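>>> Take this sequence and fold it.
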Amino acid sequence: MVTTIGRLVPHRAAANALDDADRSPRAVLIAQVLDALRFHGWFFCVSELSAPWALQLPGGRLAAIHAVLEGDCVVSLVGEPASVRLSAGDVVVLPRDEIHALSDRSGRKATPVAAIAGVDRRDRNATTLVYGGGGTRTQLLTASFVADMRMAQAVVAGLPAMMVLRSGTTACRRLAPLLALVRAEAENTAGVSSAVLRRVAEVLFIQALREALFDATPAAGWLAAASDPRLAPALTALHAQPEHRWTLPELAGLAHLSRTAFFQRFRACMGQTPAEYLQWWRLQLAAQRLRESQDSIASIAMGVGYGDPSAFARVFKRLLGRSPGEFRASFARHDP
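Numbering: from 1, shown residues only. Presented below is the predicted three-dimensional model:
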């Protein structure tokens, strides 16, 4: 399924709509989760393509985006008959990075990227690609990511396979300065800077995903709960005070539901109980602090609601596969 994000609206109306969206519980929850989301693997590529051309991307990461910097192209999921045409300024988000193809027009047989000799493979994180038959030019930015733990999968659950942000819409206007910076970097005669491209593309991805999340209406999953007027206040409270010993009656009261109705509605939407979600969220925050601070493990445990650091360490390792100390050390080794 493909979703197109945004409408062409007057600037004043667009600003008002964005202000209203930014104040909503859903917007606050999206911002909190994206703030906690961190990447530990990424790949960026600026491609100079000339017709005829067709590429197949392997997929398999958290998500991918393609931004058309110049020209146009067609994107399709492998095995699916439908395709979507993109023009300069358009951005497509693939929330689960499924195997997909890009080409100058529909119907071309796509060549796997791994088989193309024109890929500059000297940098494992950022590269350039020159490919095609010498005809009409298309310039693309491609970015794909791997994120830590299960947070990313929870965020994108229930989203369409492809989400298109069209040039000129409210969503894309926020991305335009980033795309301009990427274009300038791609035209740099000294060569593309991996450091610049990585950081700009990461911000572009977060902004594009944010706009996609604002517009999406999944029937189940985290985003559906964040959009539910009954469940959103409870999620907001859990996020605001993760250290609090929340009870089912307290959360049900925030949702203005009976305990049974709240519990059933929460589990049906989220696929987990409120207690399981709170534990999950506490660990996301703990992981963020382990990455980004020098606070002791004991103080981090206390800050997210665990009075016993040993119990925190056991839960952390059971659910995330590494002890808090091992987790922190792994990020210290990979930080640039």
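>>> shouldn't Gly271 be in contact with Trp222?
No. Under the criterion of C-beta atoms under 8 Å, Gly271 makes no contact with Trp222, lying 9.1 Å away. Using the backbone N, CA and C atoms, a C-beta is placed for each residue, glycine as well.
>>> which one of those two has more residues nearby?
Counted by other C-beta atoms under 10 Å, Gly271 and Trp222 do not tie: Trp222 has more neighbours, with 26 against 15.
>>> my read: the more buried one touches Val155, true?
Yes. Counting by C-beta under 8 Å, Trp222 does reach Val155; the two are 6.0 Å apart.
>>> beta partners of Val164?
With DSSP bridges as the criterion, Val164 is bridged to Thr4, Val92.
>>> Residues that sit against both of Trp222 and Val155, list them.
Taking C-beta atoms under 8 Å, 6 or more residues apart in numbering as the contact rule, Trp222 and Val155 both touch Val33.
>>> Report the spatially nearest residue to Leu319, omitting neighbours in sequence.
The shortest distance from Leu319 to any residue other than its chain neighbours is 6.1 Å, reached at Leu283 (C-beta to C-beta, 6 or more residues apart in numbering).
>>> Pro52 too?
Gly133 (4.7 Å).
>>> show me the contacts for that neighbour.
For Gly133, the contact set (C-beta under 8 Å, 6+ apart) comprises Ser50, Ala51, Pro52, Trp53.
>>> And the residues you listed, which is closest to Ile30?
Among the contacts of Gly133, Trp53 lies closest to Ile30 (C-beta to C-beta), at 35.8 Å.
>>> who touches the residue nearest to that closest one when sequence neighbours are not counted in this structure?
Spatial nearest neighbour of Trp53, chain neighbours left out: Gly132 (3.7 Å); criterion: C-beta to C-beta, 6+ apart. Neighbour list for Gly132: Leu49, Ser50, Ala51, Pro52, Trp53, Asp104 [criterion: C-beta under 8 Å, 6+ apart].
>>> most neighbours, which of these?
Leu49 (26 neighbours).
>>> Which of the three states applies to that one?
Applying DSSP: H, G, I helix; E, B strand; the rest coil to Leu49 yields a three-state assignment of strand.
>>> so it sits right up against Ser103, yeah?
No. At 9.1 Å, Leu49 does not count as touching Ser103 under the criterion of C-beta under 8 Å.
>>> No further queries at this time; thank you.
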